[in-house]
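A.B. asks: generate a structure from the sequence data that follows.
(chains A, B, C and D, ligands or ions: 8)
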4 protein chains.
Amino acid sequence: MRILMIGDVVGRPGRHCVRDLLPRVKENYCVDFTVANGENLASGTGFNEKTANELFGYGVDALTMGNHVWDKKEGVAYINRDSRIVRPVNYPPGTPGQGYAVFACKGVKIGIVNANGRVFMPALDCPFRRVEEAVKELQAETNCLLVDFHAEATSEKIAMGRFLDGSVSAVVGTHTHVQTADERLLSNGTAYISDVGMTGPYESVLGIDPEIVIKKFRTQLPARFEVLDKGAAQFNAVVIEIDPQTGYAVSIERIFDIHQL
Amino acid sequence: MRILMIGDVVGRPGRHCVRDLLPRVKENYCVDFTVANGENLASGTGFNEKTANELFGYGVDALTMGNHVWDKKEGVAYINRDSRIVRPVNYPPGTPGQGYAVFACKGVKIGIVNANGRVFMPALDCPFRRVEEAVKELQAETNCLLVDFHAEATSEKIAMGRFLDGSVSAVVGTHTHVQTADERLLSNGTAYISDVGMTGPYESVLGIDPEIVIKKFRTQLPARFEVLDKGAAQFNAVVIEIDPQTGYAVSIERIFDIHQL
Amino acid sequence: MRILMIGDVVGRPGRHCVRDLLPRVKENYCVDFTVANGENLASGTGFNEKTANELFGYGVDALTMGNHVWDKKEGVAYINRDSRIVRPVNYPPGTPGQGYAVFACKGVKIGIVNANGRVFMPALDCPFRRVEEAVKELQAETNCLLVDFHAEATSEKIAMGRFLDGSVSAVVGTHTHVQTADERLLSNGTAYISDVGMTGPYESVLGIDPEIVIKKFRTQLPARFEVLDKGAAQFNAVVIEIDPQTGYAVSIERIFDIHQL
Amino acid sequence: MRILMIGDVVGRPGRHCVRDLLPRVKENYCVDFTVANGENLASGTGFNEKTANELFGYGVDALTMGNHVWDKKEGVAYINRDSRIVRPVNYPPGTPGQGYAVFACKGVKIGIVNANGRVFMPALDCPFRRVEEAVKELQAETNCLLVDFHAEATSEKIAMGRFLDGSVSAVVGTHTHVQTADERLLSNGTAYISDVGMTGPYESVLGIDPEIVIKKFRTQLPARFEVLDKGAAQFNAVVIEIDPQTGYAVSIERIFDIHQL
Ligand SMILES: [Fe+2]
Ligand SMILES: [Fe+2]
Ligand SMILES: [Fe+2]
Ligand SMILES: [Fe+2]
Ligand SMILES: [Fe+2]
Ligand SMILES: [Fe+2]
Ligand SMILES: [Fe+2]
Ligand SMILES: [Fe+2]
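C.D. replies: Ligands and ions are numbered 1, 2, ... in the order given. Got it, this is the predicted structure:
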């Protein structure tokens, strides 16, 4: 079972990059199931029905989220109507949407969990506790489990990876929009990477026009962040091979591609 | 001119990893000048005369610092006595030590600047302004300039890289202890990487024993962080080749090695 | 039923101020039951058996805590051995100590809840949810309920007051060490104040020697915070009168006294 | 010389409260000069020409600001056109507006400085250094000086008060929207209060509808904050009497009034 996990897809450049590259990537890497982080799908912040369905139309099977999940009101309204969307599990009870879900793929059940970090991030429930509970629930159905831990601090991410090592197939980080070079199999069989990176405009700052971001840092005046809508796009992802019998990871490989839109 | 920049060296495992690997790395990569981030040299937090000199003895030419620079009192007392140590330039006027320095190497002058980020970090002077001033000063002497931007947020790091693109030879990030896979030459000739990574215990969380860190996240009780003192060590660095005539970067290459101590 | 709530007692000056003033305050204000926030009892940060017992010996009936509760290791070890100590209820399950407790006083049962804010504070469970659960439990026993909400942000504190308005007798804030002038009865019968203030050295910065704090802000260098051990002490508290039949508050009155130690 | 300093005026209820109460307050307290914090003038966040002029029309002589100063774009555009508006002095060089200004009143020159804290606040220049510089400049013209230190943390505010004690007439805190009860003359003649409080809707959370704020804390979902537009308003201010010869404060008195709009 080979799962492709695509890093935060940012705005139109990110969506079009998925559209143009996904078919070939799936073929080249023999991908069975595709997950993408969708918290920046719609104009760089949040998602809505249209952009989610756009991604599903391009061949994405599941969308995970993050701290920007609720930035578009339409997303809040829509999330309960599409079972392929998984938002951070550590929002309080009663939050719209689901924190984990099971997908069927070629006779194998795949459990996907999404969680949000708490270091330098919103005040949510403990991600370690909530993920532990979700994993326990999911293990009754399958041992093929992927956790997208959407977090800022590398300490929290690596701690989560090691905490879950041996209990899940893979822990992949998202949120920083920069791919890390620490992909590996941990000692007890879990694939790990601190951050999958970003799929979006290549000459940007996390997807945003650099002029705007630099000016904001230098002036501390408010600025309207806009997705950079010119130049090439980058495609950031990892492919994880999982032994469907044991749920252990066999390999994890980074993908970093640049694409002229 | 080939500069080796080693990511945050953590405690004894980090120092011994430098001791054992540096000679071969220098030879393999034809290194002319070696910089290491030393904010975690002494028992994982801060530095002192002994550990700084240990690194210099192993062949390091300059030490940069970060938010942990003052964690050992001995370091505060010592910093003015060794001109090879560069601490973040954006501490207030009057702070011990220097924020930038010029080193001579094989007939070439190399300027090293260190700065600390402000996002999720201590309240210092604006790093963009202070680095801009330092670069202007240094450009009177040399155009071979390396900036170690010690920061948490990828947005601030990439913004700094793009802000300085064309003005300095390289902007390398440190602090997260995780090497990123985004090394590249920016459009105007500056080499860039968001984080060089960590040189220290491989099976740790940023250098620290994982048991301690996981327990701390789960219980929120205070914990004494201790450097993991067993198992292999990882060596994280980049080699940057600079054209000494123009100061532009020719290449940047990541190094990730694992070493049995 | 008249409850005296004393603001964060800081170090020896704070303890001695309680020793010297409490008997007269109790008499003057016809106090039936005395609570003190004890998170800064021992040398300004944390508590231990000795300093807790010192306060109990001076006539305090219950001690609440806050974000500094675990700063002294002895406190962590001791907390389960004294049922008069209440630590924030929103620490994770399994944390030593108790988040709420019932005390008997002149034939009336008094429930005390302690909680920690999350804005600019450690990442704990949701204080609103945990306090709501505690209040539900306690209401089975008594409707004479005092909540010490130890928090930084006035928004979170006032929101908690209004959230609990009508369900508890009083919501009193602690932590900022500055008494606020907004004491009042809320619309549904709950007494409220954003912060009770500090009992400790009068010419200090939150209990600490001003020279040290000012220098730290100006230099951003590490500093060892020490309780100011000279000059007068201030006594900060509120007296809340509760109707023991209904649990509603009848009045809340601030106390601000200065005492030569 | 008697200066009235009005705490953060929030939205229409705050503005109308000033309109209705200011004349009587001025008369009762023999006010010579009136300052108001205006960072929340326009719909609770930011200011614009219309709302600033509304306040000036009601008898306010100077407006200070805070972290919300730029929330309305019109304010950014307008600020250079009205010399009665003072924004935080510790914004970077080149920021629109002025950080301090001199006003003439009954033959006396009054210097007003505004600064923003850095603890739990935006990353600006060091407020201690910038205020120190501003005070030095102003002292060439007058020793009748008022500093509005707009900050969150009580430690930073009290440290600023003690740092400036003896150099300025008064240091008054704003931002928390809750009046503190610690008004006093410091040892060297400077009047001090940690927070002047808020002028705005009485049954709100910092001016905002409590339902919205409580829901936001409990759900962590995004919410549109709206000024509570019903019920009574509160008027929060202090009156500081200054000896115009020496610049020392003679007294500081809190005002807390409730007004049916
Ligand atoms: Fe993202
Ligand atoms: Fe994110
Ligand atoms: Fe480090
Ligand atoms: Fe660091
Ligand atoms: Fe305290
Ligand atoms: Fe506290
Ligand atoms: Fe305000
Ligand atoms: Fe403010």
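A.B. asks: OK, contacts around residue A:96?
C.D. replies: Going by Cβ atoms under 8 Å, 6 or more residues apart in numbering or on different chains, residue A:96 touches A:76, A:79, A:80, A:87. For every residue, glycine as well, the C-beta is placed using N, CA and C.
A.B. asks: ok, now how distant is it from ligand 8?
C.D. replies: Counting by Cβ to the ion, to the nearest Å, the gap from residue A:96 to ligand 8 is 31 Å.
A.B. asks: re earlier: just the buried ones from the contacts of residue A:96?
C.D. replies: Applying 16 or more other Cβ atoms under 10 Å in any protein chain shown to those, the neighbour count classes A:76, A:79, A:87 as buried.
A.B. asks: which stretches in the stretch 151-261 of chain A count as strands?
C.D. replies: Along the stretch 151-261 of chain A, counting by DSSP state E, counting those that start in this stretch, strands occupy A:170-174, A:184-185, A:191-193, A:198-201, A:233-242, A:249-259.
A.B. asks: next, format those strands as JSON lines and append distance to residue B:143.
C.D. replies: Output for the strands of the stretch 151-261 of chain A, formatted as JSON lines (distance: least, Cβ to Cβ, whole Å):
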{"stretch": "strand A:170-174", "distance to residue B:143": "37"}
{"stretch": "strand A:184-185", "distance to residue B:143": "39"}
{"stretch": "strand A:191-193", "distance to residue B:143": "37"}
{"stretch": "strand A:198-201", "distance to residue B:143": "30"}
{"stretch": "strand A:233-242", "distance to residue B:143": "29"}
{"stretch": "strand A:249-259", "distance to residue B:143": "29"}
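A.B. asks: is it fair to say residue A:129 lies in a strand?
C.D. replies: No. The assignment for residue A:129, made by DSSP: H, G, I helix; E, B strand; the rest coil, is helix rather than a strand.
A.B. asks: re earlier: let me know the closest of the buried ones among the contacts of residue A:96 to residue A:51.
C.D. replies: residue A:79 (12.8 Å; Cβ to Cβ).
A.B. asks: what residues are up against the residue lying closest to residue A:155 once chain neighbours are set aside?
C.D. replies: In space, and not counting its chain neighbours, residue A:155 is closest to residue B:206: 5.3 Å by Cβ to Cβ, 6 or more residues apart in numbering or on different chains. The contact partners of residue B:206, by Cβ under 8 Å, 6+ apart, come to A:154, A:155, A:158, B:10, B:177, B:178, B:198, B:213.
A.B. asks: next, format the strands of the stretch 151-261 of chain A as a markdown table and append mean pLDDT and mean neighbour count.
C.D. replies: Shown next, in a markdown table, are these (pLDDT from 0 to 100; neighbours: other Cβ atoms under 10 Å in any protein chain shown):
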| stretch | mean pLDDT | mean neighbour count |
| --- | --- | --- |
| strand A:170-174 | 98 | 29 |
| strand A:184-185 | 98 | 16 |
| strand A:191-193 | 99 | 28 |
| strand A:198-201 | 98 | 30 |
| strand A:233-242 | 98 | 26 |
| strand A:249-259 | 98 | 17 |
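A.B. asks: do you know which of the ones you listed lies nearest ligand 6?
C.D. replies: Nearest to ligand 6, of all these, is strand A:170-174, at 32.1 Å by Cβ to the ion.
A.B. asks: just checking, what packs against that closest one?
C.D. replies: strand A:2-6, strand A:145-150, helix A:154-164, strand A:191-193, strand A:233-242 (3 or more Cβ pairs under 8 Å, 6 or more residues apart in numbering or on different chains; DSSP states H and E).
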